[in-house]
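Peer 1: Give the three-dimensional model of this entry:
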Amino acid sequence: MQFIDLAAQYQHLKDKIDARIQTVLDHGHYIMGPEVQELEQQLSEFVGVKHTVSCANGTDALTLALMVLEVKAGDAVFCPTFTFFATAETIAFEGATPVFVDSNAQTFNICPVDLEKRIEAVIAEGKLKPKAIIAVDLFGLPADYPAIRKIADKYDLKVIEDAAQGFGGEINGRRAGSFGDIATTSFFPAKPLGCYGDGGALFTDNDDYAKLLRSYRVHGKGKDKYDNVHIGMNSRLDTIQAAILLEKLAAFPEELINRNQAAERYSSELAGKYETPVVPEGYLSSWAQYTLKTENRDAEMAKYKDQGIPTMVYYGTCMHQQTAFKELGYQEGDFPVAESLAKTVFSLPMHGYMQVNG
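Peer 2: A predicted model of the protein is given here:
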């Protein structure tokens, strides 16, 4: 059994993906070819936003979003401590300060109550300027955007939605990628919608943000690539990856159904043995991971290993526990929910072809 069976997906889509790749090889427009624009249009329609701007990877997508929002030294950007490193790394990369927030004990996503508490603390201290919130759609479940938006509006903060794991998720029929002032995603192969290398994209309804993003991703270009009006970066999605993603996006709705059916089957079989994932009413998860909680993690993972079933831990170290952020001065116990999750969670195999495999 594979933790994420990309080979099964390729076999299911092989003829279509191979044909798409051959088309790119035939026309030879490997950089910003027609498939890139076709994918961006289809992604906008799927997510329900005005603009999609593709880029080289999900980390670059976060960096580009922070650049557009002019995040800089002296700014505070609030993000969950229980997440992948890139979320906080990109804040520090811009010279700003990540301010970590504890998790909701049921959904594992950023806790709105703790978020407001951390914002108030930064304001009271007076050293940093609160600038933005990065909320992460952890394990496929959208964060609590109705509550986060209220807090952002109250304190005049921008919201960046990190939907790298949440692409395909929904809140009351509205899709992940549409909740932030800018949203980002990753097409890393293991993501719910992944390519065969690195890739990423940003989503926004803001015309000015979209114009800046299209400039920043190609060295800050102006009217052409030899007219540079901003300091940007080199962050374009390869045409071959866009071609692959077009076929994967076409199959994605069916894969999403399969993932949810697999999650329901897991929950019906494992409830009572472990703490199973909670999906609030009105929410839909894209199940990037199916994650359980247990006080006996090592022993339970060993049992699965003995049966030939792979398991993984996402994440065993919170951001405030990372050596790279030691200078921020956080202490053990500052984020009790997240610290508990880091010690107790583990994930089971999850992908869109589990029913095919039986």
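Peer 1: Could you pull out the helices in the stretch 201-350 of the chain for me?
Peer 2: 207-216, 239-270, 297-306, 336-344 (DSSP state H, counting those that start in this stretch).
Peer 1: Quick one: the strands in this protein, in order.
Peer 2: Using DSSP state E, the strands of the chain run over residues 51-55, 75-80, 97-101, 129-136, 158-162, 170-171, 174-175, 182-186, 200-204, 283-284, 290-293, 345-348.
Peer 1: Does anything pack onto the fifth one? Which helices or strands?
Peer 2: Contacts defined by 3 or more CB pairs under 8 Å, 6 or more residues apart in numbering; DSSP states H and E place strand 158-162 against helix 58-68, strand 129-136, helix 145-155, strand 182-186. Glycine gets a C-beta too; all of them are placed from N, C-alpha and C.
Peer 1: just those: most buried one?
Peer 2: strand 182-186 (a mean of 30; mean count of other CB atoms under 10 Å).
Peer 1: Of the helices of the stretch 201-350 of the chain, which is nearest Lys72?
Peer 2: For Lys72, the closest of the helices of the stretch 201-350 of the chain is helix 207-216, at 14.7 Å, according to CB to CB.
Peer 1: Kindly provide the distance from the residue nearest to Glu254 when sequence neighbours are not counted to Gln42.
Peer 2: Sequence neighbours aside, Gly352 is the residue nearest to Glu254 in space, at 7.3 Å (criterion: CB to CB, 6 or more residues apart in numbering). Relative to Gln42, Gly352 is positioned 18 Å away (CB to CB, to the nearest Å).
Peer 1: out of these two, which sits in the busier spot?
Peer 2: Gly352 (29 against 16; other CB atoms under 10 Å).
Peer 1: now the strands of the chain as JSON lines including mean pLDDT and distance to Ala8?
Peer 2: As requested, the strands of the chain are arranged in JSON lines below (pLDDT from 0 to 100; distance: least, CB to CB, whole Å):
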{"stretch": "strand 51-55", "mean pLDDT": "98", "distance to Ala8": "26"}
{"stretch": "strand 75-80", "mean pLDDT": "98", "distance to Ala8": "32"}
{"stretch": "strand 97-101", "mean pLDDT": "98", "distance to Ala8": "37"}
{"stretch": "strand 129-136", "mean pLDDT": "98", "distance to Ala8": "28"}
{"stretch": "strand 158-162", "mean pLDDT": "98", "distance to Ala8": "28"}
{"stretch": "strand 170-171", "mean pLDDT": "98", "distance to Ala8": "25"}
{"stretch": "strand 174-175", "mean pLDDT": "98", "distance to Ala8": "25"}
{"stretch": "strand 182-186", "mean pLDDT": "98", "distance to Ala8": "21"}
{"stretch": "strand 200-204", "mean pLDDT": "98", "distance to Ala8": "24"}
{"stretch": "strand 283-284", "mean pLDDT": "98", "distance to Ala8": "23"}
{"stretch": "strand 290-293", "mean pLDDT": "98", "distance to Ala8": "17"}
{"stretch": "strand 345-348", "mean pLDDT": "98", "distance to Ala8": "16"}
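Peer 1: how about those in CSV, adding distance to Pro192?
Peer 2: Compiled in CSV, the strands of the chain are given as follows (distance: least, CB to CB, whole Å):
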stretch, distance to Pro192
strand 51-55, 16
strand 75-80, 19
strand 97-101, 24
strand 129-136, 14
strand 158-162, 14
strand 170-171, 13
strand 174-175, 12
strand 182-186, 9
strand 200-204, 13
strand 283-284, 12
strand 290-293, 12
strand 345-348, 14
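Peer 1: closest to Gln37 out of the helices of the stretch 201-350 of the chain?
Peer 2: helix 239-270 (8.5 Å).
Peer 1: and the closest one, how far out from the chain's middle?
Peer 2: Relative to the centre of its chain, helix 239-270 is centred 15 Å away, using CA atoms, centre = their mean, to the nearest Å.
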